[in-house]
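[1] What shape does this take:
(one chain, ligands or ions: 1)
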Amino acid sequence: MKTQCDPGYGLPHEPSYWAATGYKGSSPSGEVEGDIDCDVAIIGAGYTGLSTAYHLAKLHGVRAHVLEANRIGWGCSGRNGGFAMIGIGKDSYEGWIRKYGVQGARHLFDYARDAVRSVKTMLAENDIDAASPHEGYLYLAHKPNRFNELKKTQNLLKDKFGFDTWLLSREEVRTQYLNSREYHGALFHPEHISLHPMKYVQGLARAARQYGAQVHERTPVQGWERIGALHKLHTPKGSIKTRRVVIATGGYTPDYLHPAVSNKLLNVLSNVIVTEPVSEEKLQQCGWKTHQMLVDTRMLRFYFRLLEDKRVLFGARGGIVDDARSNMKTKAWLLKRLSDFFPALEGVRCDYFWRGHVDIARDKYLHLGDAEGGSVHYALGYAGTGVAASTYSGKQIADRLMGKSALANIPKLSTPLPRFEIPSLRRLAQRAAYGYYTIKDEWF
Ligand SMILES: Cc1cc2nc3c(=O)[nH]c(=O)nc-3n(C[C@H](O)[C@H](O)[C@H](O)COP(=O)(O)OP(=O)(O)OC[C@H]3O[C@@H](n4cnc5c(N)ncnc54)[C@H](O)[C@@H]3O)c2cc1C
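    Residues are numbered from 1 along each chain as shown. Below you'll find the predicted structure:
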């Protein structure tokens, strides 16, 4: 069974709500046909690749060529939940402190916080109309004992990172935000923002192009050779000779691409449904009064939000195999869980269902590594929290490509992707982990 994905060639977007309401047509640069010479080639037109291209062009005058197998935003960047969160990888704040000390952990937190700011700046400076006006998110305790953990998290965020959050009792959540017997209080985190992922990724592409970058769709890199100091990337109808390459392929990184990233990732499915618009009456029965982002404390967390047109977006990790049978099962499972949480939504129609692969590194951290004497760079391992981190990583890669020091405070982030001890056992380990998380989430 595949553990890293092949992106394909010239595929349309997933049939997501975001594609239906935000896709505006293809890039004018078109597919690469014939041979191109350039200074920097970037593989992948998601947030990482496009932000790198944007910052290279805007800050350093370097006009990169972005090579995308399918369409702009075809990967996670066009199909995520739209939560631009303060987060890096999957380790806990306590884990950060244990491993890197309070100062090291604070640098990580500040990086993640700056990442959200970088999204706000990107939106404002380039007139990208993709943000929702509702800032902040509620971290919902799915069991009474998780509420005590939220109190500890609140103290840690304040004491160690100087970040203020607000604790909300079960009653406050019930009367002011949403009334589900599932939740036992929440921690409100400010600053996080929600957005329309497809509008955002297209806005990024437009901004990068305005500064001189070229974005080629239908251009999968299928082969890679080294010719002296140059890299030659082979695509179906041509090739790109370049001095430097950025790998920005997220959860769709094929194993054959480059040894620096081969067998270094586990791609994991995240799944989303969007319902039909929900009537005011039903929303009242759910006590649903907020458009704020909502995430629960499960290890296999549910994430959801009420969209502006009163549809509910409801998502979760789950499933191992990406095929038609598993799609049907997962869609039905998400609808069932939605009505478990909100019985008034029983029978509500699902208008959209889609899935995507998120990229997880062996140590569950983000890595901005380089290889081949600094001529190859990558940012991989977002672990499902990549909307903000990928935007910011693009700037870091652009700076590093130009020889500027970046990430000096956070050496961990610039370490190479670690290998899985036995790569062929990744799926087996994932199945075991899912079993363990489910027991922990539902029974303890
Ligand atoms: C369902 C879902 C929900 C999510 N929700 C959230 C959320 O709410 N908040 C959050 O922070 N994160 C979320 N994420 C994760 C987040 O979307 C990603 O971390 C982020 O978009 C990664 O961006 P990227 O540019 O690195 O990769 P991607 O956007 O995946 O882009 C990689 C691109 O590389 C291309 N590619 C791959 N190989 C090649 C090749 N050989 N040649 C040419 N092109 C190639 C692919 O076609 C793809 O378009 C979610 C992910 C999923 C799947």
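[2] how far does stretch 309-323 stretch from start to finish?
    30 Å (Cα to Cα, to the nearest Å).
[3] Point out where the stretch 301-444 of the chain drops to low pLDDT.
    Residues of the stretch 301-444 of the chain that meet the criterion pLDDT under 70 are absent altogether.
[4] so what's the residue nearest to the spatial centre of the chain closest to, chain neighbours aside?
    Nearest to the mean C-alpha position of the chain, by Cα atoms, centre = their mean, lies residue 386 at 3.0 Å. Nearest residue to residue 386 in three dimensions, chain neighbours excluded: residue 76, at 6.6 Å (Cβ to Cβ, 6 or more residues apart in numbering). Yep, even glycine has a C-beta here, placed from its N, CA and C like the rest.
[5] do the same with residue 73
    Counting by Cβ to Cβ, 6+ apart, the residue nearest residue 73 is residue 201, at 3.5 Å.
[6] Which helix or strand contains the one you found?
    helix 197-210 (DSSP states H and E).
[7] Sheet-wise, list the partners of whatever helix or strand comes next after that helix with their directions.
    Past helix 197-210, further along toward the C-terminus, the next helix or strand under DSSP H and E is strand 214-216. Counting by DSSP bridges, the strands paired with strand 214-216 are strand 65-67 (parallel).
[8] how about the next helix or strand after the partner strand, does it get close to the ligand?
    Next along the chain after strand 65-67, taking DSSP H and E as the criterion, comes strand 83-84. Yes. Strand 83-84 is in contact with the ligand by Cβ under 6 Å from any ligand atom, via residue 83.
[9] Please apply the same query to stretch 333-345.
    No. Figure legend: stretch 333-345 not in contact with the ligand (Cβ under 6 Å from any ligand atom); closest approach 11.2 Å.
[10] Grab the CA positions of that stretch and hand them over as PDB.
    Provided in PDB are the C-alpha atoms of stretch 333-345 (Å, rounded to 0.1, in the frame of the first residue of the first chain):
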ATOM      1  CA  TRP A 333     -19.700   8.300   9.300                       C
ATOM      2  CA  LEU A 334     -19.200  12.100   9.300                       C
ATOM      3  CA  LEU A 335     -22.900  12.700   8.900                       C
ATOM      4  CA  LYS A 336     -23.600  10.300  11.700                       C
ATOM      5  CA  ARG A 337     -21.200  12.000  14.000                       C
ATOM      6  CA  LEU A 338     -22.600  15.400  13.100                       C
ATOM      7  CA  SER A 339     -26.100  14.300  14.100                       C
ATOM      8  CA  ASP A 340     -24.700  12.600  17.300                       C
ATOM      9  CA  PHE A 341     -23.300  16.000  18.300                       C
ATOM     10  CA  PHE A 342     -26.400  17.900  17.100                       C
ATOM     11  CA  PRO A 343     -29.500  15.700  17.000                       C
ATOM     12  CA  ALA A 344     -31.500  18.500  15.300                       C
ATOM     13  CA  LEU A 345     -29.200  18.000  12.300                       C
END
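[11] Next, the buried residues of it.
    334-335, 337-338, 341-342, 344-345 (16 or more other Cβ atoms under 10 Å).
[12] Indicate the residue of the stretch 201-350 of the chain located nearest to the ligand.
    Relative to the ligand, the nearest point of the stretch 201-350 of the chain is residue 250 (2.5 Å; Cβ to the nearest ligand atom).
[13] residues near that residue, how many?
    28 (other Cβ atoms under 10 Å).
[14] Show the contacting residues for it.
    By Cβ atoms under 8 Å, 6 or more residues apart in numbering, residue 250 lies in contact with 44, 46, 48, 75-77, 357-359, 380, 382, 386, 390.
[15] same deal with residue 209?
    Per Cβ under 8 Å, 6+ apart, neighbours of residue 209: 27-29, 215.
[16] on that earlier part again, what about the ligand: which of the contacts of residue 250 touch it?
    44, 46, 48, 75-77, 358, 382, 386, 390.
[17] correct me, but the residue nearest to residue 386 touches residue 355?
    No. Judged on Cβ atoms under 8 Å, residue 76 makes no contact with residue 355 at a distance of 10.4 Å.
[18] More neighbours: which of those two?
    residue 76 (26 against 19).
[19] moving C-terminal of the strand or helix carrying residue 268, what's the next helix or strand?
    Per DSSP H and E, residue 268 falls inside strand 265-275. Downstream of strand 265-275, the next assigned helix or strand under DSSP H and E is helix 280-286.
[20] Provide the contact partners of that next one at residue level.
    178-180, 289, 306, 310, 342, 344-345, 348.
[21] those helices in the stretch 251-400 of the chain, which residues are they?
    Taking DSSP state H, counting those that start in this stretch as the test, the helices found in the stretch 251-400 of the chain are 280-286, 324-341, 387-401.
[22] buried ones in the shortest one?
    For helix 280-286, burial by neighbour count (16+ other Cβ under 10 Å) applies to 282-283, 286.
[23] Same list (the residues you listed) but as JSON lines, adding distance to the ligand.
    Formatted as JSON lines, the buried residues of helix 280-286 follow (distance: Cβ to the nearest ligand atom, whole Å):
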{"residue": "282", "distance to the ligand": "24"}
{"residue": "283", "distance to the ligand": "22"}
{"residue": "286", "distance to the ligand": "21"}
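[24] List the contacts of residue 109.
    86, 93, 96, 160-161, 163.
[25] what bits of the stretch 1-150 of the chain have low per-residue confidence?
    1-4.
[26] residues touching the residue nearest to residue 211 when sequence neighbours are not counted, list them.
    Leaving aside its sequence neighbours, residue 211 sits nearest to residue 57 (Cβ to Cβ, 6+ apart; 3.5 Å). Going by Cβ under 8 Å, 6+ apart, residue 57 touches 63-64, 208, 211-213.
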